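A.B. asks: what's the 3D shape of this:
(chains A, B, C and D)
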Protein chains: 2
Amino acid sequence: MKEMKEEYMLCPIRRVLSEFCDKWSLLVLYSLYSSDNGVMRFTELHRFMSDCSQKMLSATLKKLERHNLVARKVYAVVPPKVEYSLTPNGESLMPKVIGLVDWAQDHFDDVVA
Amino acid sequence: MKEMKEEYMLCPIRRVLSEFCDKWSLLVLYSLYSSDNGVMRFTELHRFMSDCSQKMLSATLKKLERHNLVARKVYAVVPPKVEYSLTPNGESLMPKVIGLVDWAQDHFDDVVA
DNA sequence: TGCTATACTTACTTTTTGGTTAGAAATAAT
DNA sequence: ATTATTTCTAACCAAAAAGTAAGTATAGCA
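C.D. replies: You can find the predicted model right below:
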């Protein structure tokens, strides 16, 4: 059928995928990607994905930042202002994510039926 | 930036993605995809992804079957013989999965660093 | 007689994930 | 003086996911 690339699905790949195959990461990435200027503040994100708790949004953003998919810019003002955006690394992932999202949209009936 | 397709990430998409964005589904799909003839038996799959318990492999296969991504063919013999393969629906998903897998391989250092 | 093979299931326990609520900290506006 | 704003964190608890170990069924083989 297709050639076997066994090493593909050994640990390294799974380790990478596990960093954003969770409940909220893809939604964060997609939100940033589709925002007007590519930048969103915490509360703005939270309004956009309001069924995510602050705790989980915060944790998800931290994880994405730790793995170099999202950048965090803090302004020394009161009240606090923090801006989130995609890193170049995150940007490079987005076409793949969009591929999945488009597929999911096209195949909703096949999968959920 | 990019045009906003808000409806994308509302429930339907997430519902579809959640069916295979879990710990084992992508690995099952990829295993079937990259097998010699597109068909694998239970124990064969289990050998291929041996850090997955039988319980989880069984549950994952059931879920994928329920969502029309994997087909299951039972032979009425003893000892039992069951063959798993991708459905056309599952096949259509694979280019997207491969996209992710390739990205993960290329960006391992960026993400895991 | 007992062992092997296959494809699971069941019961039980542990680990991980995620939700809820409250609150901190500092300033500006009322 | 009080309230609003923003970006979180901490403590606590519930639910979901996943691991472990054992068992089931049937036929063929030694």
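
A.B. asks: how about low-confidence regions in chain A?
C.D. replies: Along chain A, the model assigns pLDDT under 70 to residues A:1-10.

A.B. asks: near DNA strand D, which residues of it show up?
C.D. replies: Chain A comes close to DNA strand D at residues A:41-44, A:54-55, A:58, A:61-62, A:72, A:78-82, as judged by Cβ under 7 Å from any atom of the strand. Just so you know, the C-beta spots here come from the backbone N, C-alpha and C atoms, and that holds for glycine as well.

A.B. asks: and which of these is nearest to chain B?
C.D. replies: Distance to chain B across those (Cβ to the nearest Cβ) is lowest for A:Glu44, with 13.1 Å.

A.B. asks: next up, the contacts around that closest one.
C.D. replies: Not one residue lies near A:Glu44 by Cβ atoms under 8 Å, 6 or more residues apart in numbering or on different chains.

A.B. asks: can you tell me the element it falls in?
C.D. replies: Under the criterion DSSP states H and E, the helix or strand holding A:Glu44 is helix A:42-48.

A.B. asks: list the buried residues for that helix?
C.D. replies: Residues of helix A:42-48 classed as buried: A:42, A:45, A:48 (neighbour count, 16 or more other Cβ atoms under 10 Å in any protein chain shown).

A.B. asks: any part of the following helix or strand past it near chain B?
C.D. replies: The helix or strand immediately downstream of helix A:42-48 is helix A:54-66, counting by DSSP H and E. No. Using Cβ under 8 Å from any Cβ of the partner chain, we find that helix A:54-66 stays clear of chain B, coming within 9.4 Å at best.

A.B. asks: now do the contacts for A:Thr60.
C.D. replies: Residues near A:Thr60 by Cβ under 8 Å, 6+ apart: A:22, A:24-25, A:28, A:52.

A.B. asks: now, these that are in helices?
C.D. replies: Residues of those located in helices (DSSP state H): A:25, A:28.

A.B. asks: and the longest helix for chain A?
C.D. replies: helix A:88-106.

A.B. asks: give me the most central residue, chain A.
C.D. replies: Most central in chain A under Cα atoms, centre = their mean is A:Leu29, positioned 2.9 Å from the mean C-alpha point.

A.B. asks: on that earlier part again, may I see the ChimeraX selection of the buried members of the residues of chain A next to DNA strand D?
C.D. replies: Selection of buried members from the residues of chain A next to DNA strand D for ChimeraX, criterion 16+ other Cβ under 10 Å:
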select /A:42,61
